Each structure stands twice: as structure tokens, then as C-alpha cells.
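In: Need coordinates for the following:
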Amino acid sequence: IVKDFSLYKRTYEPAVYAEGCGIWISNNRFLNSSSSAMRLEGNDIIVEYNEIGYVVNESDDQGGLDMWYNPSYRGIVIRYNHWHDITGGTKNGAAGVRLDDMISGVHIHGNVFERCGAVIFGAVQIHGGKDNLVENNLFYDCLAAVSFSTWKEKHWLDELDSPVIKKKIY
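Out: Got it, this is the predicted structure:
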């Protein structure tokens, strides 16, 4: 069990920061944090059989699990977890799982989401990603099951041509 973390640096200090390929995060409890419990950066990561609750208590525009701004992160599987009481955020909100800015190719299935989502975010929030699959999850007492904020096609293509994204992809 990892609890009461992000006490000194209140944002972007998750209990797990996984960067790489083939990482497996399983059978943990992450409780009580001002910010996210997990941040993933990589490919072919499995997150399963975890309990994540009472996180993102003071942050906005985040998720219990957060991924951000790299369309090359593919093959991530988020399955059989219990996400609960993730309702922070005051402007945009908080989600159980947040796929932010072009995150693509994630499979979210077999999870229980209980009291997740706030403001404009559902239990799962997807911002501008492609090829994400959310199926066979249970959503109980959530603001919404899944929320989307899209990017225009031109914006997506412009970002793919940007030096930052080119470097990440190559």
C-alpha cells in the first residue's frame, strides 16, 4: 500500500512514474494524494489488479492514472483495477484514467470505476487520442463513463509535424 503521498510537491509527484517498455504494475493500493497515483510514459505497459482511490484531491486537469502528449505510446493495457473517489478538479476536473493530448492505442477493460469524474471529465477522459478502446468496464455513480475533448484534424497533423513530437516518435 502506498498512501498519503505528494505531501511536499503537491502536483506531478505520483506514487509510480513508469517510463519504458514492458512494465507491469500489479496488485497495489494507491490512496490519498493531492495529485495522480500513476504516470505512464512508454509502450506495452500493463496496469492490473490495483486499487486507486482518493487521489487528485487538490489538482485539476489530471487523472488517477495520467498519460500525456506522445502518440507513440502504444500497447498499454489497463485492466481489472478498482478506481474510486477521484473527483478533484475545479476548472476541468479529474478522471480515474486520463489520456491527455494525443495518447493513442490504449485498451481499458474490466475495471470498476466508482465515484470518478468531475466538472467536465468522466471516469475515463480522452483528449485528442486515436485508437483507444474502452470496453467491459463497470461505472457506478460517476459523472460520466467516458468524456472526450477532441482535436481538429489540422491541429493533430500540425502537432505530428512539430519538432517535439517528431523527436518523441523517432
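In: least trustworthy helix or strand in the chain by mean pLDDT?
Out: Within the chain, no helix or strand scores below helix 153-160, which has a mean of 78 by mean pLDDT, DSSP states H and E.
In: May I have that helix exported as CSV, CA atoms only?
Out: Output of helix 153-160 as CSV, limited to C-alpha atoms (Å, rounded to 0.1, in the frame of the first residue of the first chain):
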residue,chain,number,x,y,z
GLU,A,153,-7.7,17.2,-37.8
LYS,A,154,-5.4,20.1,-38.8
HIS,A,155,-4.2,20.5,-35.2
TRP,A,156,-3.4,16.8,-35.0
LEU,A,157,-1.5,16.9,-38.2
ASP,A,158,0.4,20.1,-37.2
GLU,A,159,1.4,18.5,-33.9
LEU,A,160,2.7,15.4,-35.7
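In: any idea how far it is from the chain center?
Out: Distance of helix 153-160 from the chain centroid (CA atoms, centre = their mean, to the nearest Å) equals 22 Å.
In: just stretch 111-130 next, same as before
Out: Distance, centroid of stretch 111-130 to centroid of chain: 8 Å (CA atoms, centre = their mean).
In: what does stretch 116-135 give?
Out: 8 Å.
In: Quote the end-to-end distance of it.
Out: 17 Å (CA to CA, to the nearest Å).
In: Likewise for stretch 129-136?
Out: This stretch, stretch 129-136, spans 20 Å end to end (CA to CA).
In: Please look at S104 and N70 and confirm they touch.
Out: No. Taking contacts as CB atoms under 8 Å, S104 lies outside contact range of N70: 9.0 Å. From N, CA and C alone the C-beta is placed, and that goes for glycine too.
In: Does anything pack onto the least confident helix or strand of the chain? Which helices or strands?
Out: Secondary structure elements in contact with helix 153-160, counted by 3 or more CB pairs under 8 Å, 6 or more residues apart in numbering; DSSP states H and E, are helix 163-169.
In: So for the helix it packs on, mean pLDDT?
Out: Computed over helix 163-169, the mean pLDDT rounds to 85.
In: Buried residues of that helix, list them for me.
Out: I165 (16 or more other CB atoms under 10 Å).
In: Stretch 33-50 now?
Out: Residues 33-43, 45-48, 50 are the ones in stretch 33-50 that count as buried (16+ other CB under 10 Å).
In: Y8 and L160, how far apart?
Out: Going from Y8 to L160 by CB to CB, to the nearest Å gives 37 Å.
In: if you count what's nearby, which of the two comes out ahead?
Out: L160 (12 against 6; other CB atoms under 10 Å).
In: Any figure for the gap between the more buried one and L40?
Out: L160 is 21 Å from L40, where distance means CB to CB.
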